[in-house]
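**Q** Fold the following.
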Amino acid sequence: MSGIRTARPQTVTYQRRVNYTRARRSEQQQQQQSKMECEWKPDEQGLQQILQLLKESQSPDTSTQRSVQQRLEQLNQFPDFNNYLIFVLTKLKSEDEPTRSLSGLILKNNVKAHYQNFPNGVSDFIKSECLQNIGDSSPLIRATVGILITTIASKGELQNWPELLPKLCLLLDSEDYNTCEGSFGALQKICEDSAEILDSDMLDRPLNVMIPKFLQFFKHNSPKIRSHAIACVNQFIISRTQALMLHIDAFIENLFALATDEEPEVRKNVCRALVMLLEVRLDRLLPHMHNIIEYMLLRTQDQDENVALEACEFWLTLAEQPVCKEVLCGHLSQLTPVLVNGMKYSEIDIILLKGDIEEDEAIPDNEQDIRPRFHRSRTVAQQHEGDGIEEDEDDDDELDDDDTISDWNLRKCSAAALDVLANVFRDDLLLHILPLLKELLFHPEWVVKESGILVLGAIAEGCMQGMIPYLPELIPHLVLCLSDKKALVRSITCWTLSRYAHWVVSQPPDVYLKPLMTELLKRILDSNKRVQEAACSAFATLEEEACTELVPYLAFILDTLVFAFSKYQHKNLLILYDAIGTLADSVGHHLNKPEYIQMLMPPLIQKWNQLKDEDKDLFPLLECLSSVATALQSGFLPYCEPVYQRCVNLVQKTLAQAMLYQSQPDQYEAPDKDFMIVALDLLSGLAEGLGGTIEQLVARSNILTLMYQCMQDKMPEVRQSSFALLGDLTKACFQHVKPCIADFMPILGTNLNPELISVCNNATWAIGEIAVQMGPEMQPYIAMVLHQLVEIINRPNTPKTLLENTAITIGRLGYVCPQEVAPMLQQFIRPWCSSLRNIRDNEEKDSAFRGICTMISVNPGGVVQDFIFFCDAVASWVNPKEDLRDMFYKILHGFKNQVGEDNWRRFSDQFPLPLKERLATFYGV
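**A** Got it, this is the predicted structure:
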């Protein structure tokens, strides 16, 4: 282009020295620099072209913007293009501010992308212009200059711009307000972006000077500057920066002085500071705790919602501290109403939530509103007495009632605080909550009533015991609220009822479960999308709690869920898949009836055929099908071939794309491996559901080759799912797996790393399944895995699921190769017995105990010291098979005969009474 000339050679007056020292630049250099600034003048024609571009880039038209983008990229070829940009920002006062600021923001993006390629003359010109114009009279230009400074600083330039921090700190003392405010704005951004490096030896610890300096400004007469000062110091609380810890008392004293500042931004920063100090310097706050709590009570009711939200975080953080109960118990009567009051929707919330629109089911979803879903890979777990599958997962029933407004607001924070405090104070909280609840739940105004229903849900977990006497009256009231005329009341009621599902299911089904289920199913077909979503999620929770209690109502449930398919827009369809998958998990093989299959499968397969391989909606659909296939077992046969084939293709496609990306990362995109993970999990579901009938499909495909690649993938979740599939295929059609065992076993051995719990868990489980199939031929592989397994079972804080699977696998290895495993018996017998005493009688437990008995017969000495643990584990069996009972009998009596009657009596006197009675009844010892 004609207008911009490339920088003349003489503009670069000196090369940056390589061994950079912190000395100030010499006068000669400073003269050269000012000479250089004098020398660079924009070419008028070039300047006009750039101004034209800046004007065009403010056009709303996307094609204009695209061409501007391309031209900006071309201009980056010219070294002094960035001089023009800084010139427009700082020198061209005749232009309007938005254009000047935009010029600075384009320059900031160039700094981010290409700073290392800027000629020295250009970067020095930019730096000196920034420092000279930090006090521009326009707040917008000052802020833009500040953003530019912090961007340069975060490109590693704090070291190469030694005068920056001293100069900014010096400018804080300027008589001119704009200069002081601009410098503080820049410092605040630098503190946010470069906190770590400011507190390192790299820069000679500037914070030792900066923090005392900032503290002086807490008393400045300008609220904006007071606010900057606190915000700067706040960056260094969580990291317990030494320079701040030295002045911690002065800092806290200054915060207290600003507690009632008239400026909301200052109060917000004071609250934020106190919340962080609660986490890291509780010792310093404790002497003042009474006053701080009183203060935070006031601030949680601040007129400014941003201040109230910061203050409300205080209760969430306090609840995590061990002193919470002691310091807060005297204030509960004041705090409870404040939190409850914060749980009402504000007027602005209702506008944003379109709370006045009751029927919106026909309006298509806005694609931006659909959150990305992440697939949770398959983990193999044991069943326990009295429950379904044990999973070490957090509950995902947190408040998702109003996810369209900004994710975090006073309502959600107040509800979360009440929830955690209910877990701290348990039923003591009810003294303060119940009187309020009576008033709220029956209030004529819907907004108040809605907040009462939210309160009831928030305390469900912590105050469950104390709530039980009231539930027979409350649950029917809530079931009535499910048909309230306000959609927002109906949706929150769904959530709150799901929080009490456990209690509902423990009662006679006709009294509560049936009416609740009937009403929830109607809400699944509500005409409001938010209510549909809340009802679907609540129903999934109810399914998990009720399990087979739902079997009598299956036709009715499926009718509703299938009808919802035709009714739902995009976002809620994804939640519907989850409700169907959870139903299949909960009722299992009871779903395998021709009439149910006929209702359920056609709509699922229709969606399956509509979705392309690249569509992320496949994730929830594949997860759902995986549960359905496992539940339907042989009932899934008519559908299995195309489903199997597509899963194998998805794995193959993803692996191929990953290889292309690895060899030529600049030409190919990295694949989304979730497609492969979900496909592997669905294949696991098919293998588990169809058992041996999957054999022909495996024979006709290259799944084992693909699985071998997946087992070595860098991504842990891919390995986790491939080990689950390996275990399921081992059970279903070992003839196809066996030829690959020599390749698979070393990989399994290297994945027994308990740092990656789920990967380790699934690898362990697969080894156990392989052992059962291999029998004595497992012998060459024992050494690859045994030491790691023994190490894991003895490791403190190992999750229960992993301990149980490890114990089962050790038992199975000992069953097929007792000579190899029995010598180590003494090293694992105690944790082995402890981890298996609580799981249900099943095939896995059976094979593991046969193994332990076989090993004891090979090495009886290995169990002597821990025999009481073995006795306890034997007694945990409810109904062992006849021949296993004989093995137990022989070992118990053998031990008793070995030590003699008197010693046995002394030994068995240590047993707890139930254990003693159980062994006497079942084994006569």
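**Q** what's the closest non-adjacent residue to Ile211?
**A** Excluding its sequence neighbours, the residue lying closest to Ile211 (CB to CB, 6 or more residues apart in numbering) is Ala243, at 4.8 Å. (Glycine included, C-beta is placed from N, CA and C.)
**Q** Quick check: buried residues in the helix or strand where that neighbour lies?
**A** Here Ala243 sits within helix 242-245, counting by DSSP states H and E. Applying a neighbour-count criterion of 16 or more other CB atoms under 10 Å, one finds Ala243, Leu244 buried in helix 242-245.
**Q** And the helix or strand just after that helix, what's buried?
**A** Moving toward the C-terminus from helix 242-245, the next helix or strand (DSSP H and E) is helix 248-257. Buried residues in helix 248-257, counted by 16+ other CB under 10 Å: Ile248, Phe251, Ile252, Asn254, Leu255.
**Q** do the same with stretch 181-200
**A** Of the residues in stretch 181-200, 181-191, 193-195, 197-199 count as buried by neighbour count, 16+ other CB under 10 Å.
**Q** just checking, what packs against the helix holding Ala243?
**A** For helix 242-245, the packing partners by 3 or more CB pairs under 8 Å, 6 or more residues apart in numbering; DSSP states H and E come out as helix 207-216.
**Q** thinking again about what came up before, quick one: mean pLDDT over the helix holding Ala243.
**A** Per-residue pLDDT values across helix 242-245 average out to 91.
**Q** And for that helix, what's in contact with it?
**A** Asp199, Arg205, Leu207, Asn208, Met210, Ile211, Val233, Phe236, Ile237, Phe251, Arg281 (CB atoms under 8 Å, 6 or more residues apart in numbering).
**Q** thought Ile868 was touching Gln910?
**A** Yes: counting by CB atoms under 8 Å, Gln910 is a contact partner of Ile868 at 6.6 Å.
**Q** more crowded one of these two?
**A** Ile868 (16 against 9; other CB atoms under 10 Å).
**Q** residues contacting the more buried one?
**A** Ile868 makes contact with Phe907, Gln910, Phe911 under the criterion CB under 8 Å, 6+ apart.
**Q** Need the pLDDT of the first one.
**A** Right, Phe907. For Phe907, the pLDDT comes out at 90.
**Q** Hmm, it is touching Gln898, no?
**A** No: using CB under 8 Å as the test, Phe907 is too far from Gln898 to be in contact (11.2 Å).
**Q** quick one, which of the two is more surrounded?
**A** Neighbours per residue, other CB under 10 Å: of Phe907 and Gln898, the larger number sits with Phe907, 15 against 11.
**Q** A strand includes that one, no?
**A** No: per DSSP: H, G, I helix; E, B strand; the rest coil, Phe907 lies outside any strand segment and is helix.
**Q** Give me the distance between it and Ile868.
**A** Look at Phe907 and Ile868: by CB to CB, to the nearest Å, they are 8 Å apart.
**Q** Could you do Gln898 as well?
**A** Using CB to CB, we find Gln898 at a distance of 15 Å from Ile868.
**Q** got it, and Leu171?
**A** Separation of Leu171 from Ile868 (CB to CB) stands at 75 Å.
**Q** what does Ala631 give?
**A** Relative to Ile868, Ala631 is positioned 41 Å away (CB to CB).
**Q** Then Asn859?
**A** Asn859 sits 18 Å away from Ile868, going by CB to CB.
**Q** Quick check: which element contains Glu820?
**A** Element membership of Glu820 [criterion: DSSP H and E] is helix 818-821.
**Q** List the buried residues for that helix?
**A** In terms of neighbour count (16+ other CB under 10 Å), helix 818-821 has its buried residues at Pro818, Glu820, Val821.
**Q** Now the second one: closest residue in space, sequence neighbours ignored.
**A** With CB to CB, 6+ apart as the measure, Ile782 is the residue that lies nearest to Glu820, at 4.3 Å, once sequence neighbours are left out.
**Q** Give me the packing partners of whatever helix or strand Ala679 lives in, helices and strands only.
**A** For Ala679, the element it lies in under DSSP H and E is helix 674-690. Under the contact definition 3+ CB pairs under 8 Å, 6+ apart, helix 674-690 sits against helix 618-632, helix 637-663, helix 703-710, helix 716-732.
**Q** The second one - contacts with which helices or strands?
**A** Yep, that's helix 637-663 we're talking about. Contacts defined by 3+ CB pairs under 8 Å, 6+ apart place helix 637-663 against helix 594-610, helix 618-632, helix 674-690, helix 695-699, helix 703-710.
**Q** Quick one, which of these gets closest to Asp559.
**A** Among the helices and strands packed on helix 637-663, the nearest to Asp559 by CB to CB is helix 594-610 (7.1 Å).
**Q** Next, the angle helix 637-663 makes with that closest one.
**A** Here the directions of helix 594-610 and helix 637-663 differ by 30 degrees (axes from the mean of the first three to the mean of the last three CA atoms, to 10 degrees).
**Q** Show me the shaky parts of the stretch 751-900 of the chain.
**A** Within the stretch 751-900 of the chain, no range satisfies pLDDT under 70.
**Q** Mind doing that once more with 90?
**A** Scanning the stretch 751-900 of the chain for pLDDT under 90 picks out 797, 837-841.
**Q** which residues in it form helices?
**A** Counting by DSSP state H, counting those that start in this stretch, the stretch 751-900 of the chain has helices at residues 757-774, 782-793, 800-816, 818-821, 825-836, 843-858, 867-875, 882-899.
**Q** okay, the angle between the fifth one and helix 867-875?
**A** Calculated by the same axes, to 10 degrees, helix 825-836 forms an angle of 40 degrees with helix 867-875.
**Q** what about the closest residue to Leu591 other than its chain neighbours, distance to Gln382?
**A** Spatial nearest neighbour of Leu591, chain neighbours left out: Ala631 (4.6 Å); criterion: CB to CB, 6+ apart. From Ala631 over to Gln382 the distance is 19 Å, taken as CB to CB.
**Q** Show the model's pLDDT score for Arg71.
**A** Arg71 carries a pLDDT value of 85.
**Q** List the residues that contact it.
**A** Contact analysis of Arg71 by CB under 8 Å, 6+ apart lists Leu53.
**Q** OK, contacts around Ser227?
**A** Counting by CB under 8 Å, 6+ apart, Ser227 touches Glu263, Glu265, Val266, Asn269.
**Q** Present the residues you listed as a markdown table; the columns should include neighbour count, secondary structure and pLDDT.
**A** Below are those laid out as a markdown table (neighbours: other CB atoms under 10 Å; DSSP: H, G, I helix; E, B strand; the rest coil; pLDDT from 0 to 100):
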| residue | neighbour count | secondary structure | pLDDT |
| --- | --- | --- | --- |
| Glu263 | 16 | coil | 94 |
| Glu265 | 18 | helix | 94 |
| Val266 | 24 | helix | 95 |
| Asn269 | 25 | helix | 95 |
